[in-house]
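K.L.:
Here's my sequence, what's the structure:
(one chain, ligands or ions: 2)
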Amino acid sequence: MIPLSSLKPGQQAVITQLPADEQLAMRLREMGLLIGTTVTFVRCAPLGDPMEFRLRGFELSIRNNDAAQVLGDLVDQNREVGGSALPVVIPAHVVARSKTKTVLSISHNAPGSPLSHTRETVSSQPKSYAVVGNPNSGKTTLFNALTGLRQKVGNYPGVTVEKKSGQFIGQHGEKIELLDLPGSYSLGAHAPDERITRDVLMDLRQDTPQPSRILCVIDASHLERNLYFITQVLELGLPTVIALNMIDVAKAQGTPVSAEQLSAELGVPVIPVQATRKETLLALRLVLSRAEVTHSAWMPHLPSQLTKATDAVAAQWPTAGKATHDHRKPRYPLDPLVRMKALILVSAADSEMPGLALELGAGEALSVVLSERATLDRELQGWKEKLVAARYNGIEQLCHVAQGGTHDASDRLTQRLDDLLTHRLWGWIFFLGAMTLMFVSIFTIAQYPMDWIDVGFDKLSEWVQGIMPAGDLRDLLTDGVLAGVGGVVIFLPQILILFFFIGLLEDTGYMARAAFLMDRVMSKVGLHGKSFIPLLSSYACAIPGIMSTRTIENPKDRLVTILVAPLMSCSARLPVYALMIAALWPSGTGSVWTKGALMMGLYLLGTVAALFFAWLFKKTILKGQTPLFLMELPPYRLPSLYQIVSQMCQRAGIFLKRAGTVILGISIILWFLASFPKMHVPEGTPEPQEPHERSKTEQLQQSFAGHIGRTLEPALAPLGMDWKIGIGLVAAQAAREVFVGTMSVVYNVERKKGDAPDMLGETLRKQQRPDGTPVFSPLTCLSILIFFVFSMQCVSTLAVVRRETNSFRWPLFQFCYMTGTAYALSFLVYQGGRLIGFH
Ligand code: GDP
Ligand code: MG
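P.N.:
Ligands and ions are numbered 1, 2, ... in the order given. From the prediction side, this is the model:
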């Protein structure tokens, strides 16, 4: 017997012993790692940790330390090839059926059929389906294809972390509701997003009624692993339709699945589909529109002691709220839902028990659970192992019938790409290369559309000036609205490019590799690779990043990840960075490589800061063990341009909506604050046609905004910022990109007609302090950049953090530590820079 951690790449072992830690052992079992399972060691991550294994036809990544606790017997590969070492006993009826040609079609509500039990559904009620399945099985793609909505899709586990509902019109013109749920590996639900799915299915949520029907999505290329969760769902006894997705992949892999056979075994309709191609969904639509849908009677053959224990617990389960039963009497036959709750609770790890009992509403039944577990410990050695193994045995039989066996096939292309992309040297070169390409494109490709937008807003402003009489309203439109909104909208092309690259990384499946690559680094700061994905997606926006922390099981780790996520430079910082970088070099000079490198440096600085603070928090206020890391590595897929472009459009929509609402509003308020009270003009002085620049500055200085700015000036002067920048910082508290619009409003200097389109950066470069030195000296620009890298300036993010942490304390803490650090570091940079002779 050797520990899995000492295998060499390509070697196989049959598992003989699982870790002593109950929680770890159970997680491994539920992912299919059982005693007797054959696993292949594929490779180590470039930094030596974690390890990648293949089992039951999919790739799983586990930390070396955890793998060291799993023991196995080395397989002599010359002698044996195959998926599982356990002999699969196929019952006679199954063999018989798979030999005869089945005429059973997808229709399955023939009454009297031994496996199908019809349930009447009240036809006047709208049909509603909960869409469930493993992560990354294509649920959201299917949901989008059916409803015409555009929920986010990505090729890695953990994209959908919330429930989203949508509708489509069924075959008879009736509305059918769909509820897209987060992916799940087990009803045992270990992470917050999995708990959402469990709670909806088990009718434990106040805000969502239990769906009347279930649409299970199975990834046909990973049939065996997918069936673990699906068979648990089938046991809930609800009317179910199964969509057998990714049939294209399964076929290409040489392991097609027979939908008819699977349907015959499970007793519910199984419809082959390819969610990425809408024309394959017709049959599914038809079945979903049926007035009646069957539920399955499939059950694993549990050892009798386990069935007895579960039944004993279920019989004592309280019936809160469901007044139809007399709660003192045990109910027979037992409700399948209650039996599943009982089974989950009976098999939970000791440490999870009290919390879980509360969540599932076990009440008094908890004492029965404890006594039944004690009995099981006495009477059935290794009963937890046997429980999961019974289910997998049943599943292996299903696979034999529907797929001609279990398959250890894995995607060749994925293997080869991974050889390269997770290589110890090439992996990092690719990672850095991809990042460089992204930042350089942001500067090169985006330049043209940015110029067009700039010219467009200039023309618009000229046109308004031409047709309107001089006055406050005209000033409001040109100096307030157009300058403020135009100043922000100009960055749309750069943001779109950023989203294009992020979409590409997500849709190909590279995101999960980034987590695999970075797990070692993350474990050094006390987190794990899964925390890296929320951080990486915070490059786009911290809000989806924070939402995706729901895939992290441990609450403390999740909180740490939430606290540091906004340090990752989001797309709202991009305009500010771009503006300050533009102000550093005269227009037309400075190479894109230097600018790109500086930009990348800022992103890197934010990332390092996020890691540093994560480490600090894990060491101090949120102490805890380095968490368990179990992650599936999905196969690489060709990215879908449609998906990426649709995501980009959605993002552009959000950005423009913000520009049209929040930023428009703030621009108007700012203009007002900057223009009033009006400067007192002595009587008799003829009003100048166009106030020249000096008087404009004076006007600003004695305006409301000027007062605010000058009140702040003493605090900001040590950072090299003047009162006008202070106005910008105040305005940026609502949303970072407003800083740019504010600078346009505050520094809006008249452009002479016929001037070449003049980027704001150039205007800023020309600004002078009263003593003639430039306002935006390189050191000031740097100080502003540093401030923006670190400070917390986004009301929406704070609101989301409040919701996700359910407290005001954490967003407040986050605001203070981030903005405090920003201030301190800007101070150090500016004062330090001056000390060594910069200005
Ligand atoms: P979810 O996590 O279950 O919601 O899965 P998603 O809907 O986000 O899809 C995961 C990935 O699988 C995406 O990259 C999809 O484009 C891809 N995908 C979904 N359905 C199919 C399919 O039928 N065939 C192929 N080849 N890819 C699919
Ligand atoms: Mg999804």
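
K.L.:
Distance of Ser258 relative to Ile247?
P.N.:
In this structure, Ser258 and Ile247 are 11 Å apart, going by C-beta to C-beta, to the nearest Å. Bear in mind the C-beta positions are built from the backbone N, C-alpha and C, glycine included.

K.L.:
Thought Ser61 was touching Phe516, still the case?
P.N.:
Yes: between Phe516 and Ser61 there is a contact under C-beta atoms under 8 Å: 5.5 Å.

K.L.:
joint contacts of these two?
P.N.:
Residues within reach of Phe516 and of Ser61 at once, by C-beta atoms under 8 Å, 6 or more residues apart in numbering, are Ala45, Pro50, Glu52, Gly529, Met631, Leu633.

K.L.:
Name the nearest of the residues you listed relative to Gln465.
P.N.:
Minimum distance to Gln465 across these is 55.7 Å, recorded for Gly529 (C-beta to C-beta).

K.L.:
Setting aside sequence neighbours, what's the nearest residue to the closest one?
P.N.:
Among residues not flanking Gly529 along the chain, Asp519 sits closest, at 3.2 Å (C-beta to C-beta, 6 or more residues apart in numbering).

K.L.:
In terms of helices and strands, where is that neighbour?
P.N.:
Taking DSSP states H and E as the criterion, Asp519 maps to helix 510-524.

K.L.:
Against which helices or strands is that helix packed?
P.N.:
On a contact count with 3 or more C-beta pairs under 8 Å, 6 or more residues apart in numbering; DSSP states H and E, helix 510-524 meets helix 412-421, helix 426-444, helix 492-508, helix 529-537, helix 592-619, strand 630-633.

K.L.:
what sits against Gly148?
P.N.:
Gly148 makes contact with Gly166, Phe168, according to C-beta under 8 Å, 6+ apart.

K.L.:
give me phi/psi at the residue nearest the centre of the chain?
P.N.:
Residue closest to the mean C-alpha point of the chain, counted by C-alpha atoms, centre = their mean, is Ser548 at 3.6 Å. The phi/psi pair for Ser548 (degrees, to the nearest 10) reads phi -80, psi 0.

K.L.:
Close to ligand 1: what parts of the protein are there?
P.N.:
For the chain, the contact set with ligand 1 under C-beta under 6 Å from any ligand atom comprises 133, 135-141, 153-155, 159-160, 183, 245-246, 248-249, 274-276, 507, 637, 640.

K.L.:
quick revisit: what count of nearby residues applies to the residue nearest to Gly529?
P.N.:
Number of residues near Asp519 (other C-beta atoms under 10 Å) recorded here: 24.

K.L.:
So what's the residue count around the residue lying closest to Leu798 once chain neighbours are set aside?
P.N.:
The shortest distance from Leu798 to any non-neighbouring residue, by C-beta to C-beta, 6+ apart, is to Pro811 (4.4 Å). Using other C-beta under 10 Å, Pro811 is surrounded by 22 other residues.

K.L.:
Go ahead and confirm Ser5 touches Ala68.
P.N.:
Yes: with contact defined as C-beta under 8 Å, Ser5 reaches Ala68; the gap is 4.1 Å.
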